[in-house]
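Asks: structure, please.
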Amino acid sequence: MADTGEITRLKERILRSRRQEDLELPAFVSGAVAVEKQKIRNCPVFRLIPERAAGNIFFLYNSDYVHPIRKRQWEFALKLCRITNMAVTVSLYPVAPEHDCEEVFDFLIPAYQDYCKHREAGPLILIGAGTGGGLAVSLMMQIWKEGLSDPDKVVLLSPVMDTEFFDPQLEETVRRNMGEEAFRLKKEFLNQYWVKNYAGRTEYTAPIYEDLHDICRDILVASGTEDPLHEYTREFSSKVQDTGNPLKFFEYRGARNDFYLHAKRKDTSHLMRILSDFLLDSEDAILHQYMEEVRQHAEWSKWFPEIFRDERAVKYVSGHPKRAVREGKAKTIYSLMGAAVQRSYDDAVELFLKEYPDGTVVYVGCSMDTMLERVDNGRVLWYNLDSPGRMAVRTMYTGLTGREKRIERSVHDFSWVNKLVMEKDKGLLFVIKDVFSYMKKKEMKEFLELLYRNFQGCNVLFDIPTPRANLMYNWKGRGRGAEYRRRILAMRDPRREIEYMSPIYGVISVRSVLEHVKPKKDWKLGLKFSYWSNKNREAWKIVHIRLGFEKYRTFDELSKG
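Replies: From the prediction side, this is the model:
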C-alpha cells in the first residue's frame, strides 16, 4: 500500500500540470473545420463538422483518468475528421482527482444520448483511445441497458480494460512492465480517486470481466506490444472472438500505448490506413495489400491448373476485379515455382494425414492460404498461426470456420507455443512455409530448438532456396517497394546443414519442388528453359525433418508402402 503522503504528492503534481488551454479548442482545429460547442452537465462538448459530413464519430480520448485533452489528441480527432469526412464529437469528460467513475458516467450517458439526436446522416461510430477505450466498452453496456442507439462500428486503441486489477496473472504482467513502485502508486491512486464507490462494479471499472456477447458486432482493436497493458488487450480480443464476434485485432510490435498519436511512425501510418478502410467500408487504402497472396494463388490456378488449384482465391479475384492486380502477359518461372512450392506442401501434408488421420497440423505463418480446405480429411486438428493483423484480414476473407483453430501471434512471439493443445502420439506436423528464408541461420536454429524443447519428436516441413535462387529472387524483388522483403537464408545441401545444427534432428527427405512437375506443350521456350535449369539445380526444395526420435514411419516409407 502506498502511504497517504505519496498519494497526496501525486495528486498535487497532477493538478499543477493542468493548463487552462487544455480546456479550450485549439486554433488549428477551428481554422480547419466548422465547430459546434455546447455544455452537458457543465462539461464542454465539441463537434468537428466537415463539409457534407458522411457519418458520425463519438471520440473518447485518452486522459489516463487525470488529464484534460492535449494537443496531440486534438490532432488525432482532426485527422479522423479528414480521412473519413465524418463529424467528430469530442467530449471533455470529467477526470480524477476532482471527479470519479460515477460522475464520468453520469456525464457520458446523456452526452451520448444528445449526440445521437444531433448526429449527421450516416453511420454511428464509437472510438475510444487508452482510458477512453475502456470507457467506450463500458458505455456500450450502458447503451444497451438504456435502450439508446447502438454504434454501427467501434474502434478501441490501446484500451485500458481494468482499473481494479482483478486478475492476478495479468496484474503481475503489468507490474513487471511498469515497475513495482509505479504500479503500486497508480493502483492506489485509482482506488482512492477514480473507483471509489464503484469498487467491484466491473461494468464501469473493469469491463473485460463482463459478458461481452451483446457489444457491437463490428469492432476493430489496435495495440502495441510495448504498452504495459497490452496483455489485457489481447485477453479482451480473445474473449470477444470466443463469443463468435469477428473482432479485428491489429498488434504492432515495439509500439507503445500512444503510438497512434505520432504521425511520423510507420505503424501509425499503417493504422490510419486500416482505420480508413474499416470506417469507410473500403479496401482501397491498405487491406488490398494483404490480399496479394490470394491474387497470386488465383494467377497460379489460371496458368498451371494441372499443378495447383485454389478455388477460394479464384472466386475472390473474379468477384473483386477492380482490386485484382494486373495479370502478367505470360506464364513465368516465378509463377511456376510458386505453384510448385504450394503443391509440394499440399502433397506432403496429405501424405502425413494418411498416416496420422487424427494428427495435428500447425501452419506457422499461414497468412491468407487456405490449405486446410484443400487437404482436409475431416479429422485433423488444424491450427493457423499468424500476426493479429493478418488474422483479422484473413477473417474478412474466409470468415470463421469450425474446422480450424486460430492463434493471433507473431511467428517471433514464442508465447504461441503455450496456445497449442493436442493429443500425444497421434502425430504432430509444423508447416513452416516461406518463413526460414527470411531468418539468419542462428534464428532458424533457435526456432527449431524451441519446437524440440516443447514438442520432442514432432515433424517439421519447410521450404528453402539455394543461394542462386535467393540471389535471383532478391534481384527481381528490388522494385517492389515497401512490400519487398529480402531473403537471407539459403542452403545448397539442406540435409548436411540441418544435421550439422544438431545430431538429434533427423532429415527424413529433401525434394525439389519441381520433382513431379512435367513441362507442357503450350509453354514458351523461355519458360521451358527456366524450368529445366531450376529442376537440374534443384533451386527450391521442400525439407521434412523430425526433431528427436520417434517410431513413426517417414513420408518416404509411407509412399513406398
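
Asks: Three-state assignment for the spatially closest residue to Pro26 that is not a sequence neighbour, please.
Replies: Take Pro26 and drop its neighbours on the chain: the residue closest to it by Cβ to Cβ, 6 or more residues apart in numbering is Trp74, 5.2 Å away. C-betas here are computed from N, CA, C, even on glycine. Under DSSP: H, G, I helix; E, B strand; the rest coil, the three-state class of Trp74 is helix.

Asks: Trp74 - how many residues pack around it?
Replies: 19 (other Cβ atoms under 10 Å).

Asks: likewise for the one 5 residues further on?
Replies: Taking other Cβ under 10 Å as the criterion, the count of residues near Lys79 is 17.

Asks: packing partners for the particular helix or strand that has it in it?
Replies: Element membership of Lys79, judged by DSSP states H and E, is helix 71-84. Here helix 71-84 touches helix 27-30, strand 43-49, strand 56-60, strand 87-91, strand 124-129, helix 266-280, going by 3 or more Cβ pairs under 8 Å, 6 or more residues apart in numbering; DSSP states H and E.

Asks: what about 6 Å?
Replies: strand 87-91 (3 or more Cβ pairs under 6 Å, 6 or more residues apart in numbering; DSSP states H and E).

Asks: can you name the residues in contact with the strand it packs on?
Replies: Strand 87-91 is contacted from outside by 45-49, 53, 56-59, 77, 80-81, 111, 115, 120, using Cβ atoms under 6 Å, 6 or more residues apart in numbering.

Asks: out of these, grab the one that's most surrounded.
Replies: Ile57 (28 neighbours).

Asks: for that residue, give me its contacts.
Replies: With Cβ under 6 Å, 6+ apart, Ile57 has these contacts: 80, 86, 88, 125, 127.

Asks: skip the chain neighbours and tell me the closest residue to the first one.
Replies: When you say that, I think you mean Leu80. Leu80 sits nearest to Val88 (Cβ to Cβ, 6+ apart), 5.4 Å away.

Asks: check the second one too.
Replies: The spatial neighbour of Met86 that comes closest, neighbours along the chain excluded (Cβ to Cβ, 6+ apart), is Gly55 at 3.8 Å.

Asks: okay, now the one you found: neighbour count?
Replies: Neighbour tally, Gly55, other Cβ under 10 Å: 20.

Asks: isn't it up against Ala121?
Replies: No. In this structure, Gly55 is not within contact of Ala121 by Cβ atoms under 6 Å, at 8.0 Å.

Asks: just to revisit the earlier point, what sits up against the helix holding Lys79?
Replies: Helix 71-84 is contacted from outside by 26, 29, 32-33, 48, 50, 57, 59, 61, 88, 90, 261, 276, 279, using Cβ under 6 Å, 6+ apart.

Asks: of the residues you listed, buried ones?
Replies: Neighbour-count burial (16 or more other Cβ atoms under 10 Å) applied to those gives 26, 29, 33, 48, 50, 57, 59, 61, 88, 90, 261, 276, 279.

Asks: relative to Asp100, which of those residues is nearest.
Replies: Taking Cβ to Cβ as the measure, Asp100 lies nearest Tyr61 of the buried ones among the contacts of helix 71-84, at 18.5 Å.

Asks: in space, what's closest to that closest one - neighbours in sequence excluded?
Replies: Per Cβ to Cβ, 6+ apart, closest to Tyr61 is Gln73, 4.3 Å.

Asks: give me the number of residues near that neighbour?
Replies: 22.

Asks: ok, Glu446 next?
Replies: Glu446: 12 neighbours (other Cβ under 10 Å).

Asks: check Asp493 too.
Replies: 12.

Asks: what's the pLDDT at it?
Replies: The model reports Asp493 with a pLDDT of 93.

Asks: check Ala77 too.
Replies: So Ala77 comes in at 96 (pLDDT).

Asks: for Gly55, see how far away it is.
Replies: As judged by Cβ to Cβ, to the nearest Å, Ala77 and Gly55 stand 14 Å apart.

Asks: then Asp376?
Replies: Relative to Gly55, and taking Cβ to Cβ, Asp376 is found at 41 Å.

Asks: what about Met117, how many residues nearby?
Replies: Residue 117: Lys, not Met. Neighbours around Lys117, by other Cβ under 10 Å: 7.

Asks: number of nearby residues for Asp346?
Replies: Around Asp346 there are 17 residues (other Cβ under 10 Å).

Asks: that one against Leu372, yeah?
Replies: No. In terms of Cβ under 6 Å, Asp346 does not count as a neighbour of Leu372; the distance is 10.5 Å.

Asks: contact partners for Val314?
Replies: 298, 301.

Asks: what of Leu547?
Replies: 451-452, 458, 505.

Asks: redo that, cut-off 10 Å
Replies: 428, 430, 448-460, 502, 504-506 (Cβ atoms under 10 Å, 6 or more residues apart in numbering).

Asks: how close does it sit to Val435?
Replies: 16 Å.

Asks: same question for Pro305.
Replies: Counting by Cβ to Cβ, the gap from Pro305 to Val435 is 27 Å.

Asks: Asp281 too?
Replies: In terms of Cβ to Cβ, Asp281 sits 33 Å off from Val435.

Asks: ok, those two, which is more surrounded?
Replies: Val435 (17 against 9).

Asks: give me the below-cutoff pLDDT ranges for the stretch 401-550 of the chain.
Replies: 477-484, 550 (pLDDT under 70).

Asks: please apply the same query to the chain.
Replies: For the chain (pLDDT under 70), the answer is 1-3, 321-330, 477-484, 550-561.

Asks: hang on, the earlier thing: specify the beta-bridge partners of the residue nearest to Leu80.
Replies: Per DSSP bridges, the residues bridged to Val88 are Leu48, Ile57.

Asks: would you mind writing the CA trace of stretch 352-365 as CSV?
Replies: The C-alpha coordinates for stretch 352-365 follow below in CSV (Å, rounded to 0.1, in the frame of the first residue of the first chain):
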residue,chain,number,x,y,z
PHE,A,352,1.1,-37.1,-43.4
LEU,A,353,-2.7,-37.2,-42.8
LYS,A,354,-2.9,-40.6,-44.4
GLU,A,355,-0.6,-41.9,-41.8
TYR,A,356,-2.0,-39.8,-38.9
PRO,A,357,-5.6,-39.1,-39.8
ASP,A,358,-6.2,-37.8,-36.2
GLY,A,359,-3.0,-35.9,-36.1
THR,A,360,-2.3,-32.2,-35.5
VAL,A,361,-1.0,-29.7,-38.1
VAL,A,362,0.2,-26.3,-37.1
TYR,A,363,0.5,-23.9,-40.0
VAL,A,364,3.1,-21.3,-38.9
GLY,A,365,2.8,-18.0,-40.8
